[in-house]
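A.B. asks: dropping a prediction and its sequence here:
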Amino acid sequence: MKRLSRRFYSRPTEELAPALLGKLLVCGDRVGRIVETEAYLGPADQASHTRFGKTARNEVMFGTVGVAYVYFIYGMYDMFNVVGYRGREAGAVLVRALEPIAGIGDDVKVASGPGKLTRAMGIRRSAHYGADLVTGGDLYIAGGARRAGAVATGPRIGVDYAGAWARRRLRFWIEGNRSVSRAR
DNA sequence: GTTCCGATGCTT
DNA sequence: AGCATCGGAACG
C-alpha cells in the first residue's frame, strides 16, 4: 500500500479532515478504514490543544505535517491525530473511528471511537508520538481502494467548553457507515 | 431512550 | 481541577 505524501497533509485541517475519510490507517499488520475525523486548528481555535500556544505536549502540532500527534487522556486512552496545516500555522486531525479491514477482528465496535481505535491498532503515545507517517515506520496512512460515501458534518464531540468554536461543523464522517462512533 | 458515574493519570 | 473517553448502572 502506498503512503500518502507530505503534500497531502499540507492544507488546512478543515480540508484535510474530510479528505482522510475512506483512507486506510495502517499500523504494522493492522488496517482500518478511516470513517470519522475532526479538524483541530491553530491557536485561535478554542477547542484545540494549540489554544495555549506551543507546550511540551502539543509541540508536534506546530511542526512537520504528516507526523503523528498522540496524546494520553482520562488516565487510560491514547488519541491519534495527524498533523496538518498550511503555511505558518498549526493543527491536527483527530481520527475518531475506523472500519476494521485487517488484523483487528471484524467487530464493528472495536474501533468505533478515538480511544478504542488506538487500542485496536496498537497505537501508543510512547511508541508513536512524533512518528513520521510519510517517510517510514510501522504507522502510516494509505489511499483507500474503495470510494467513500457521502460526507456528513457536525459539531466536534466533547468540546462544549469552547463556546462558538464548539458549534462549528468540524466533525466529518461517512454518511451511514456503521463504524462511526455514537455522539454523546 | 436518557442521565450519571467511576476509572485513572497527565496537563495546565 | 479538568480532560478531544468509555462501559455500565440507574431511571423512565
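C.D. replies: Arrived safely.
A.B. asks: could you use CA atoms for every contact and neighbour count after this?
C.D. replies: Will do.
A.B. asks: please report the distance of the residue of chain A found nearest DNA strand C from A:D78.
C.D. replies: Using Cα to the nearest atom of the strand, A:G113 is the residue of chain A that sits closest to DNA strand C, at 3.1 Å. With the distance defined as Cα to Cα, to the nearest Å, A:G113 ends up 11 Å from A:D78.
A.B. asks: go on, A:G115?
C.D. replies: Distance from A:G115 to A:D78, by Cα to Cα: 6 Å.
A.B. asks: and if you look at A:L41?
C.D. replies: With Cα to Cα as the criterion, A:L41 and A:D78 are 20 Å apart.
A.B. asks: and those two? Which one has more around it.
C.D. replies: A:L41 (26 against 22; other Cα atoms under 10 Å).
A.B. asks: which bits of chain A sit near DNA strand C?
C.D. replies: Residues of chain A lying close to DNA strand C (Cα under 7 Å from any atom of the strand) are A:38, A:40, A:47-50, A:73-75, A:77, A:79, A:81, A:92-94, A:112-117, A:157-159, A:161, A:181.
A.B. asks: the residues you listed in strands, which ones?
C.D. replies: A:E38, A:Y40, A:I73, A:Y77, A:M79, A:N81, A:A92, A:V93, A:L94 (DSSP state E).
A.B. asks: okay, those in JSON lines with neighbour count, pLDDT and distance to A:K2 next?
C.D. replies: Listed next are these as JSON lines, based on neighbours: other Cα atoms under 10 Å; pLDDT from 0 to 100; distance: Cα to Cα, whole Å:
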{"residue": "A:E38", "neighbour count": "26", "pLDDT": "98", "distance to A:K2": "23"}
{"residue": "A:Y40", "neighbour count": "29", "pLDDT": "98", "distance to A:K2": "26"}
{"residue": "A:I73", "neighbour count": "10", "pLDDT": "98", "distance to A:K2": "31"}
{"residue": "A:Y77", "neighbour count": "18", "pLDDT": "98", "distance to A:K2": "29"}
{"residue": "A:M79", "neighbour count": "22", "pLDDT": "98", "distance to A:K2": "24"}
{"residue": "A:N81", "neighbour count": "25", "pLDDT": "98", "distance to A:K2": "19"}
{"residue": "A:A92", "neighbour count": "34", "pLDDT": "98", "distance to A:K2": "21"}
{"residue": "A:V93", "neighbour count": "30", "pLDDT": "98", "distance to A:K2": "20"}
{"residue": "A:L94", "neighbour count": "22", "pLDDT": "98", "distance to A:K2": "21"}
